[in-house]
Structure formats: structure tokens, C-alpha cells
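Q: Based on what follows, work out the 3D shape:
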Amino acid sequence: MIILVSLFVALLVLLASGLVIYNILKISVTKKIKEYGCLRAIGAEPNQIYKIVILQILILCTVAIPIGAVIGIISSKGITGMVTKYLKSRYTSSK
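A: Residues are numbered from 1 along each chain as shown. Modelled structure (predicted):
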């Protein structure tokens, strides 16, 4: 039962993370629409603009994923330690 709950929570976190990443990328592209329009006006091909967007996404992911992973690992270790300490103090008899 605990494994099913853990899998469900993991799937919810994965879904939420995907939505956050999608939203960040959408905001990033939306903010630069004028720039893309100017590039098109001076003769940039749609392929070139697509490559620029992909490059920006790769740069964003290259920076954000390692930082997020490190913060996630550190915070999960801290939270696990606090919960373990709390549960041990609560459910261990002190005689």
C-alpha cells in the first residue's frame, strides 16, 4: 500500500514539475515574441528562429536541472532527517 501511495505522489510531483517547466518556457517565448518578429522582419527564416528558441531552452535546462537536482537532494535529506527524528521521538518509548 505504501508503495502505491509513493508512486502516486511521485507521479503527481512529476506532473506538477512538467507543468511548471512548460509554463516557464511558454512565458520565456511569449516575452520574446517581439524579438522574433523583428528577426523575421529583417529576413530571418522560421528555421533560424526555431533554432534560437531551442538553444535558449537547452541553455535554460542546462542551468536549471543541475541546480534543481542539488536543491532537491539537499532539501529531501533535510526533510527526511527531520521526519525521522520526529517519528523516533514520538513513537519510541523513553523509559
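Q: tell me the domain ranges of this protein?
A: What automatic domain parsing lists as the domains of the chain is 1-30, 32-84.
Q: For the first one, what is the distance to the chain centroid?
A: In this case it means domain 1-30. 8 Å (CA atoms, centre = their mean, to the nearest Å).
Q: Can you list the buried residues in that domain?
A: For domain 1-30, the neighbour count (16 or more other CB atoms under 10 Å) marks Ile21 as buried. For glycine as for every other residue, the C-beta is placed from the backbone atoms N, C-alpha and C.
Q: Helices of the protein, start to end?
A: For the chain, helices defined by DSSP state H occupy the ranges 2-31, 33-41, 46-91.
Q: Including mean pLDDT, could the ones you listed go into JSON lines?
A: Formatted as JSON lines, the helices of the chain follow (pLDDT from 0 to 100):
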{"stretch": "helix 2-31", "mean pLDDT": "88"}
{"stretch": "helix 33-41", "mean pLDDT": "93"}
{"stretch": "helix 46-91", "mean pLDDT": "89"}
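Q: right, and Ile49 touches Gly37 too?
A: No: using CB atoms under 8 Å, Ile49 makes no contact with Gly37, being 9.5 Å away.
Q: Between the two, which is the more surrounded one?
A: Taking neighbours as other CB atoms under 10 Å, Ile49 and Gly37 compare with Ile49 leading, 16 against 12.
Q: Look up the closest residue to that one, ignoring the ones flanking it.
A: Nearest residue to Ile49, sequence neighbours excluded (CB to CB, 6 or more residues apart in numbering): Tyr36, at 5.2 Å.
Q: mind checking how far the one you found is from Leu4?
A: The spacing between Tyr36 and Leu4, counted by CB to CB, to the nearest Å, is 45 Å.
Q: Cool, thanks, talk later.
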